[in-house]
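**Q** give me a 3D structure for the following:
(one chain, ligands or ions: 2)
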Amino acid sequence: MVDGANIMVVDDEEIVRDLLVDALTEQGHTVHACHSGQQALEAISANGYDLVLLDIGLPDMDGFHTMAGILEKSPDTPVIMITGDATIESAVGALKSGAYDFLRKPFQLEMLQKTTSNALKFKRLDRARRASEAALRESEERFRTLVENSLIGICIIQNNRIIFQNPEQKRFYGKLAEKPLNKLVSYVHPDDLEKIIAAYHQLIAEESGSVEAHFRFYPSGSRGKDVEFRWVQCRASLFHYQGEDAILLNAMDITRSKELEHILRVKSKMISLGRVAAGIAHEIRNPLTGINSYLYTMEDLLTLDELSSEDLQVMKQIVEQMQVASNRIESVIKRVLDFSRPGAPTMSLMNANQPMEDAMKLSAVTLRKKQIQVKASLEKQLPECYGDAHLIEQVILNMIDNAVKAMQIKDDTRVLRLRTYTKNNGIYLVVSDTGAGVPAGIREKIFDPFFTTETDGSGIGLAICQRIVNDHGGNIKMSGNRWGGATFTIELPIDKRVDSR
Ligand SMILES: Nc1ncnc2c1ncn2[C@@H]1O[C@H](COP(=O)(O)OP(=O)(O)OP(=O)(O)O)[C@@H](O)[C@H]1O
Ligand SMILES: [Mg+2]
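**A** Ligands and ions are numbered 1, 2, ... in the order given. As a prediction, this is how the structure comes out:
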């Protein structure tokens with residue numbers, strides 16, 4: 001049942017007109033009656049109608065002309081033609097001219113009700129269809145605007161071909177469309193190719209989700225011809241496009257941020273280098289000042305005509321002191337060289353518990369003397385990893401040495417905790433103490449060469465530790481702990497075999 005509609009009835013025969021008006025009003029519609037074509041055209045311009053019932057034989061103009069006028073003014077309004085002519089030609093003629101349906105006089109009321117109800121339903125569905133088409137067009141337009149103005153390059157790959165590229169993608173990558181994927185290999189930096197292929201296989205194998213990678217890319221595809229590459233951050237996701245599997249690629253040009261990252265790294269290296277230089281200068285200046293003042297004293301003595309045995313004694317002492325000072329300078333230089341050229345690691349499969357236990361044994365006497373309790377918890381099933389056990393032992397020894405110094409100044413219970421465990425493809429070696437911890441203000445400096453807070457320290461221990469662990473492809477982190485002391489955590493990769501330098 002269609003709700004009450006606004007209907008126009010056009011018929012010059014009063015009896016028929018009244019019959020139609022009464023019947024349709026009875027059905028709940030609002031009905032407007034006209035007796036001529038002209039009147040109907042005026043009425044349709046003034047009001048919108050949901051439906052028109054139109055007699056074919058009007059006195060002033062024939063029904064086809066009237067219908068043409070109605071449809072011109074209100075194309076969405078369905079028209080039902082009423083014809084007194086029972087021939088099939090007149091019916092076909094009505095439909096061909098654009099009528100929705102036709103009724104032949106005389107008609108049953110039931111037929112009238114059925115035909116009008118169908119026409120009104122059609123009108124309602126037609127309106128809904130137009131509204132959803134408009135909404136679809138609007139949403140397509142919105143997405144098109146978003147995609148076309150996006151600063152992120154977007155492209156769609158299907159059947160191993162790029163089938164869509166947005167303007168940013170074309171601007172940055174050039175026109176890649178139409179090229180089969182394997183031809184795009186020449187656009188990727190050779191060092192990143194393996195990574196990209198692995199990410200692609202991972203995406204395909206998982207059959208859902210997405211993968212991310214960053215890599216170097218030659219926009220013109222002419223790698224090797226001395227062309228600058230760009231850095232790209234890319235996310236690939238599987239999705240369904242036009243009934244088939246496809247890959248959606250979002251890619252962003254991160255060349256600028258990579259450049260800034262590099263500048264920052266260089267800057268921080270320069271700052272570290274500055275600190276190192278200041279450290280070396282500081283270490284060398286004291287003995288050098290000593291040597292200079294001894295030289296002056298010696299010069300004074302040599303101006304004397306004759307040297308007494310006492311003077312000779314003084315000269316001997318001066319030479320000895322100068323030797324001490326020069327040895328000190330030599331040891332500084334040696335430490336600097338040790339740092340810049342530590343022994344090359346000899347990598348082999350090792351169990352990281354081994355260097356931990358060896359370091360514990362070596363420090364056992366010192367720890368006992370300093371009344372430090374040791375609590376070790378080493379994971380029994382620790383996977384093996386590549387490394388130089390001897391160098392890792394040195395790292396642990398340095399850390400134990402620092403922990404001992406840190407706990408020395410505290411009177412309460414002194415506990416050194418050593419722990420190993422494995423997590424997420426990494427092996428972790430942890431050294432914790434109950435010392436005073438590292439104050440927040442110096443945390444970022446403790447790994448710098450020559451940074452020390454100890455009067456007799458050279459500040460090279462942690463710098464060497466970091467160097468060794470980095471050479472293993474791992475890293476060291478320092479944090480506070482619940483005993484108020486410091487915790488150093490070394491992470492070594494399990495599956496990465498870092499080549500010996
Ligand atoms: N366990 C720790 N607790 C508190 N502070 C620490 C700890 N380990 C290191 N530090 C801080 O970091 C600084 C640098 O340590 P690093 O081992 O590099 O040098 P150092 O111990 O002072 O001298 P060196 O190791 O060359 O004899 C230390 O002087 C100290 O201030
Ligand atoms: Mg140290």
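
**Q** can you name the residue of this structure nearest ligand 2?
**A** residue 461 (2.7 Å; CB to the ion). Every residue, glycine included, has its C-beta placed from N, CA and C.

**Q** setting aside sequence neighbours, what's the nearest residue to that residue?
**A** Excluding its sequence neighbours, the residue lying closest to residue 461 (CB to CB, 6 or more residues apart in numbering) is residue 398, at 4.3 Å.

**Q** need the contact list for the one you found.
**A** Residues in contact with residue 398 (CB atoms under 8 Å, 6 or more residues apart in numbering) are 461-462, 464-465.

**Q** and residue 498, what pLDDT?
**A** On the pLDDT scale, residue 498 is placed at 54.

**Q** dump the contacts of residue 398 into a markdown table; add secondary structure as well.
**A** Output for those, formatted as a markdown table (DSSP: H, G, I helix; E, B strand; the rest coil):
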| residue | secondary structure |
| --- | --- |
| 461 | helix |
| 462 | helix |
| 464 | helix |
| 465 | helix |
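
**Q** of all these, which comes closest to ligand 1?
**A** residue 461 (2.4 Å; CB to the nearest ligand atom).

**Q** three-state assignment of the residue nearest to residue 461?
**A** Following three-state DSSP, the label given to residue 398 is helix.

**Q** how much space separates it from residue 155?
**A** Using CB to CB, to the nearest Å, one gets 51 Å for the distance from residue 398 to residue 155.

**Q** what sits against the closest residue to ligand 1 within the stretch 101-250 of the chain?
**A** For the stretch 101-250 of the chain, the residue closest to ligand 1 is residue 214, as judged by CB to the nearest ligand atom, at 33.5 Å. By CB under 8 Å, 6+ apart, the contact list for residue 214 reads 231-234, 254.

**Q** quick check: it is in a strand.
**A** Yes - applying three-state DSSP, one finds residue 214 inside a strand.

**Q** kindly report the residues of the protein close to ligand 2.
**A** Listed as neighbours of ligand 2 in the chain under the rule CB under 5 Å from the ion: 402, 461.

**Q** low-scoring stretches of the chain, by residue?
**A** Scanning the chain with the threshold set as pLDDT under 70 gives 1-2, 85-87, 176-180, 207-208, 220-227, 339-343, 496-501.

**Q** and the helices in it, which stretches?
**A** 14-26, 37-46, 63-73, 88-96, 109-149, 167-173, 190-206, 255-303, 309-340, 353-369, 389-408, 461-471 (DSSP state H).

**Q** show me the contacts for the closest residue to residue 315 other than its chain neighbours.
**A** Once flanking residues are discounted, residue 315 sits nearest to residue 301: 6.0 Å by CB to CB, 6+ apart. With contact set as CB under 8 Å, 6+ apart, residue 301 has these partners: 307, 311, 314-315.

**Q** one more time with 10 Å
**A** Counting by CB atoms under 10 Å, 6 or more residues apart in numbering, residue 301 touches 307-308, 311-312, 314-315, 318.

**Q** can the residues you listed go into a markdown table with extra columns for neighbour count?
**A** Listed next are those as a markdown table, based on neighbours: other CB atoms under 10 Å:
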| residue | neighbour count |
| --- | --- |
| 307 | 13 |
| 308 | 10 |
| 311 | 14 |
| 312 | 11 |
| 314 | 14 |
| 315 | 16 |
| 318 | 17 |
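
**Q** farthest pair within those?
**A** Farthest pair in these (CB to CB) is 308 and 318. Separation: 14.8 Å.

**Q** roughly how far apart are residue 458 and residue 65?
**A** Residue 458 is 108 Å from residue 65, where distance means CB to CB.

**Q** more neighbours: these two, which one.
**A** residue 458 (18 against 14; other CB atoms under 10 Å).

**Q** what's that one sitting at in phi/psi?
**A** Backbone torsions of residue 458, given as degrees, to the nearest 10, read phi -110, psi -10.

**Q** could you find the closest non-adjacent residue to it?
**A** In this structure, residue 458 finds its nearest non-sequential neighbour in residue 335, 5.9 Å apart by CB to CB, 6+ apart.

**Q** quick one: residues contacting the one you found.
**A** So residue 335 contacts 280, 283, 449-450, 458-460, 463-464 (CB under 10 Å, 6+ apart).

**Q** from those residues, list the buried ones, please.
**A** 280, 283, 449-450, 458-460, 463-464 (16 or more other CB atoms under 10 Å).

**Q** for ligand 1, tell me which of these show up nearby.
**A** Of the residues in the buried ones among the contacts of residue 335, proximity to ligand 1 by CB under 6 Å from any ligand atom holds for 458-460, 463.

**Q** just the residues you listed now: which is nearest residue 297?
**A** The closest of those to residue 297 turns out to be residue 458 (CB to CB; 28.5 Å).

**Q** assess the claim that the closest one and residue 332 are in contact.
**A** Yes - contact criterion CB atoms under 10 Å: residue 458 and residue 332 qualify, at 7.8 Å.

**Q** so what sits against both of those two?
**A** Overlap of the contact sets of residue 458 and residue 332 (by CB under 10 Å, 6+ apart) consists of 279, 283, 450.

**Q** and the last one, how close does it get to residue 431?
**A** This means residue 450. Counting by CB to CB, the gap from residue 450 to residue 431 is 22 Å.

**Q** and residue 376, by the same measure?
**A** For residue 376 relative to residue 431 (CB to CB), the value is 10 Å.

**Q** mind checking which of the two has more residues around it?
**A** Higher neighbour count among residue 376 and residue 431: residue 431, with 23 against 13, using other CB under 10 Å.

**Q** so what's the more buried one up against?
**A** Residue 431 makes contacts with 356, 359, 395-396, 398-400, 402-403, 416-419, 476, 486-490, as judged by CB under 10 Å, 6+ apart.

**Q** which ones, among the residues you listed, also lie beside ligand 1?
**A** Answer for those near ligand 1 (CB under 6 Å from any ligand atom): 398, 402-403, 486.

**Q** just put the shared contacts of residue 458 and residue 332 in TSV and tack on distance to residue 367.
**A** Shown next, in TSV, are these (distance: CB to CB, whole Å):
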residue	distance to residue 367
279	29
283	29
450	27
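
**Q** which of the residues you listed lies closest to residue 389?
**A** Nearest member of these to residue 389, counting by CB to CB, is residue 450, at 27.8 Å.

**Q** the nearest residue to that closest one once chain neighbours are set aside: how many residues sit nearby?
**A** Of all residues not flanking residue 450 in the chain, residue 279 sits nearest, at 2.5 Å (CB to CB, 6+ apart). Neighbours of residue 279 under the rule other CB under 10 Å: 21.
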